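> Next come a sequence and a model predicted from it.
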Amino acid sequence: MFKVSNLTVSVEDKEILKDFSIDVSPGEVHAIMGPNGSGKSTLAHVCAGKEDYTVLNGEVLLNDENLLDLDPDERSTRGLFLAFQYPIEIPGVTTMTFLKSSLEAHYKANCKEVLSTPDFMKLVREKAAELNIDDDMIRRPLNVGFSGGEKKRNEILQMALLDPKICILDETDSGLDIDALKLVAEGVNKLRSESRSFIVITHYQRLLDYIKPDYVHIMYKGKIIETGDSTLALDLEKSGYNNYIK
Amino acid sequence: MPAVKETVKQVDEISVDKYKFGWSTDFDVEKSPIGLSEDTIRFISKKKNEPEWMLEWRLDAFHRYNTMTEPEWAKVNYPKINYDNMYFYSAPKNVEGPKSLDEVDPELLKTYEKLGIPLKEQEMLAGVKKNIAVDAVFDSVSVVTTFKDKLAEDGIIFCSISEAIQNHPDLVKKYLSSVVPKSDNYYSALNSAVFTDGSFVYIPPDTRCPMELSTYFRINDQNTGQFERTLIIADKGSYVSYLEGCTAPQRDENQLHAAVVELIALENAEIKYSTVQNWYPGDENGVGGIYNFVTKRGDCRGKNSKISWTQVETGSAVTWKYPSCILRGDNSVGEFYSIAISNSYQQIDSGTKMIHLGKNTTSKIISKGISAGHSSNAYRGLVSSHRKAENARNFTQCDSLLIGNNCSAHTVPYIETKNPTTIFEHEATTSKISDDQIFYCGQRGINVEVAIALIVNGFCKEVLQELPMEFAVEAQKLVGISLEGSVG
Amino acid sequence: MSTTDIQISAEEQILSYCKKNIATQDKKHCFYNSRLGAYELFKRDGLPGVKNENWKYTNILQKLETIPVRSQIHSAPLNVNNFINNFDIMRKLRDTNDTVLVFMDGKMQEQLSLLYEKRNIEISSLKDDVIPEWANKINNKKHSENEDELFNLNTLLMEDGALINVKKNNIRIENVYIVHVGNNNGFYNYRHIINIEDHAQVNIIELKISNKSDIDALYTSSIIWSIGNHCVVNNVKYQAHNQITIGFNQQYADIGSNTEFNSFTISSGSKLLRESRNINCNGSNSNISISGVNLLDGNSHIDTFLSVRHKAPNTISREKYKSIINDNAKGVFQGNIIVDQIAQKTIAKQSIDALILSSHAEHDAKPELEIYADDVQCGHGATTGQISQDSLFYLKSRGIPEDEARRLLIHAFVTDTLDEIKDKKILETFGDVMNNMLNRVSKGNFNV
């Protein structure tokens, strides 16, 4: 369903991803762990279509369509969702307005009838309540003055609204205390389904206590060097990366 | 824009016979003599059947104008205007216009559609020729009489300035040029000499104008300078909200627009004046477009009076415009909210003047400048407190947003303090739309153009919310449309 | 002075002074051509008027009626130690071995100056027959778009000045004092040229004072800085003139890459003082700070004109000025930050604050931004106001007497500008000097 094959990517002539491949089937959760600078965030950004990267080789396929040919918004409406490590602030644009623009773009792209404003507000409030997001936060400008926990919950709210096929969580646990982490993980777990897949990028095993992965990959210098089940993450936590770096 | 719909309906109903202006039987002469001379002015005054005092008034302005030179201090460049090659008055005539919307430039129609303007209004804006009376609306002669009867019940006068000169000479004599003197500047002198029409509003004491008053100006005829003259008087304890909206069709030749707007607020009166200006800005290479050299000034003449200017400036090739407030009455309040968007090769030099003369006067300036393409966008503003202006207060926030690396933004504030009890605060910032913001929106399915419109609307929010509801919706759309193509 | 002279405007007096002056100049001197060029320009343009946007708030001819005639009433002191010991700031600041250059009435005073042989600093005089090549080169180039009529006047009339060359890799920070004392009536013109080679560090401390309250002096002075790459330059200036001195100071600085330039000024007094500063950030990764405090009373008029132009990417500039204005004084601040198209990632912040203490005082500010690059953070803030009555009431309600409360609040207003002084010893001394001046404010007198 979601497949990255032989992806080689450089930034300013420096290769960050080298012949990287991963294959994610519907309903699976894959964790990618790795030390700083291993290329985890680059992978997330390239899949979502951020500029500043040069793709030298490879494909990113979602249901057999190569996403690399598409603009970021088209990748989004096809069903790829990236939960940002550092969600961006947009002053003056309320979270509600932003969500509406986003959802409308998705509905239009997928030929679905756009919700009426009251129905839309109802939907947002419903989903927001599940994530402990109050009305006040939705009325505030997007991510402006949000705490770390609020920003991440807001990411998960967007994920819930947009109904994506593949979700990439880029270090979603960074900057969260344990309560916020639990809340975010619960939100993600609710969204797990047979048709939706996840790639969870993280530095620490901590998040994986709450979001149980089917596979764990260790990434180093732009490629996967080890793959295993959830026990791999525990081993890694004990022994450190050095054991796996040859 | 319900008011516009009404106007269209009204205009449709006006037949040539009902049209009461003096020129209507005189179709052989369509334009004043070319160029500017005493003869031109006599011609205009005669055509408009003006009383002798008005002609004298115009001639006086013309003599003052002759001693003045075009100002060059603004941060704008444009080829010198040849005033000898212009017509200063043109009455409606049977020129070949589009017969239906099918004949109108499709680009223009696209813009109308994006703005959500109904078909009927599109016809009006595109200048589809239905009959002579309809044509008349769009040129130098105004027929803004839509709600006249209804307003008359409250004693409110809302008519063209030509009509006011005929029917309310005492009010006109008392207030005309009492805020903007004839020789205030080059363009105001020119306007005083040759103005052809405009609006006149008088709100009697203790009256709250029950509806938003509105005009839709448009420049239609090539080589015709447009010189509106607007005079609004809010008598003691009254309130009025006035909307001025403009769109212009595609034109190849530069056209001059030099309007003068005067507002007078007496004791406890309030005037809210909102503008959305979307005249033809020239093509993507900077060819053509309107020169918009406007003098707008309000006088808070009475105690506790208030004048509030809100403007959304997206059009015109060159804009030179400083809606100002003279805070003469004690406790009077002046406000200026502005969005100025420049794209392609547009040049904007706009801002305000807040002149604190009375005691306990306050003013607030919120200016949002957005430059894109190869444009240049300057805020120029004066805030001054005079010796007797005890406890004058001003807050100014002046933000610029740059889109792309070929445009420029300038901030030129003048802050003059002559009273120790004054508190003036001025802040200015410059920023850009970050790639990260665009990417974030994109990742949520929002394409670049929508994202820019969204972010810029957020940037302008404080000003947009000052606009009357129906204007605000159109203005929001306009913000997005104005910036189309600004990011490659 | 005869009555017929008085009828001639100051502008004409200056012009005839220039005419006589150019005739006496040595035609073979390397400055002659620039002097002649400046003369032609001044002849054409005269003094700038209020219609000139850069002089909008300062009418020179309103303040300058006649050019003072040179007097030789007060002779210069002879003993250098006495001179320094009588000069409070100097006594506190100076270390042994520091270079001290003393000018009196525009002329270098060898007997009052302390010139030690330094490996890394070369000092010569503008009066010398042979001008070093580097100084000639710096002097003759165009410094800024803002070179104006008064700069031309200074170029034409400059008689003396220091030529200071700080050589490459000067690791030990040297202190150089340039002291100027107004001792006699007259019209004085001088210029310093300061060249700082790559990787050099230096502190330049300028002190300008009027020796007596009745000395009628008119002067133009200029400093031309050429600062290389990887330099650290701290510049502080203290000027306290009497109420009849009229001075036109100009500074032009070209700054290279990876350089730090901090400049702080305290000014007070003067019938009219124009501080014109033009800074070009020519190289990337430089960091500059231009700040100052103006204390105005009596009929003083201080006009600060500051233009900072970012001409390379990744540079930072901060400008912070505070003015306290009392009596009939008038303060003017015109600032302009220009960011060229190439100068991406510029960070420029400017703040202009004025405290007005009297109902006849005036402050005019025009802080401009001119931005041609999109990826920049630029901003300015400007405030004018009086001492907050609420704060005053609060302090008084805690038993603090009115005078003391005012003093505290005035101190609070200016104190953060001192953060811009990077050298600790200078900071302490200037802090004291400023406090002493401010303590007099509450008693209604700044004068030294």
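All right, it came through fine.
> which other residues reach the helix or strand where B:Val261 lies?
Using DSSP states H and E, B:Val261 maps to strand B:260-265. With contact meaning CB atoms under 8 Å, 6 or more residues apart in numbering or on different chains, strand B:260-265 is reached by B:175-180, B:187-188, B:191-192, B:195, B:227-234, B:244, B:271, B:273, B:294-302, B:305-307, B:323, B:329, B:332. From N, CA and C alone the C-beta is placed, and that goes for glycine too.
> So which bits of the stretch 251-400 of chain C are right by chain B?
Proximity of the stretch 251-400 of chain C to chain B (CB under 8 Å from any CB of the partner chain) is limited to residues C:341, C:344, C:354, C:356-359, C:361-386.
> Low-confidence stretches in the stretch 51-200 of chain B?
Along the stretch 51-200 of chain B, segments meeting pLDDT under 70 span B:87, B:89-149.
> can you list the residues of it near chain C?
B:Trp73.
> how about low-confidence regions in chain C?
Flagging of chain C using pLDDT under 70 yields the residue ranges C:1-7, C:170, C:441-448.
> hmm, back to that, of the contacts of strand B:260-265, which belong to helices?
Using DSSP state H, the subset of these located in helices is B:175, B:187-188, B:191-192.
> Contacts for the longest helix seen in chain C next, please.
What stands out as the longest helix in chain C, according to DSSP H, is helix C:424-441. Contact with helix C:424-441 is made by C:88-89, C:92-93, C:203, C:205, C:234, C:236, C:238, C:264, C:266, C:268, C:293, C:295, C:324, C:326, C:357, C:406-407, C:410-411, C:414, C:418, C:421, C:446-448, as judged by CB under 8 Å, 6+ apart.
> Any quick ChimeraX command for the buried ones out of those?
For the buried members of the contacts of helix C:424-441, the matching ChimeraX selection, counting by 16 or more other CB atoms under 10 Å in any protein chain shown, is:
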select /C:89,93,203,205,234,236,238,264,266,268,293,295,324,326,357,406,407,410,414,418,421,446,447,448
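> For the stretch 1-150 of chain B, give the residue positioned nearest to chain C.
Nearest to chain C, among the residues of the stretch 1-150 of chain B, is B:Trp73, at 7.1 Å (CB to the nearest CB).
> wait, doesn't that residue sit right on C:Asn52?
No: applying CB atoms under 8 Å as the test, B:Trp73 and C:Asn52 come out as separate, 11.1 Å apart.
> Show me which of the two is the more surrounded one.
Set B:Trp73 next to C:Asn52 and count neighbours by other CB atoms under 10 Å in any protein chain shown: C:Asn52 wins out with 13 against 10.
> Secondary structure of B:Trp73: a strand, I assume?
No: assigned with DSSP: H, G, I helix; E, B strand; the rest coil, B:Trp73 falls outside any strand and is coil.
> Columns distance to chain A and neighbour count on top of the ones in helices among the contacts of strand B:260-265, output as JSON lines?
Converted to JSON lines, these look like this (distance: CB to the nearest CB, whole Å; neighbours: other CB atoms under 10 Å in any protein chain shown):
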{"residue": "B:Tyr175", "distance to chain A": "39", "neighbour count": "20"}
{"residue": "B:Tyr187", "distance to chain A": "34", "neighbour count": "23"}
{"residue": "B:Ser188", "distance to chain A": "36", "neighbour count": "28"}
{"residue": "B:Asn191", "distance to chain A": "37", "neighbour count": "30"}
{"residue": "B:Ser192", "distance to chain A": "41", "neighbour count": "25"}
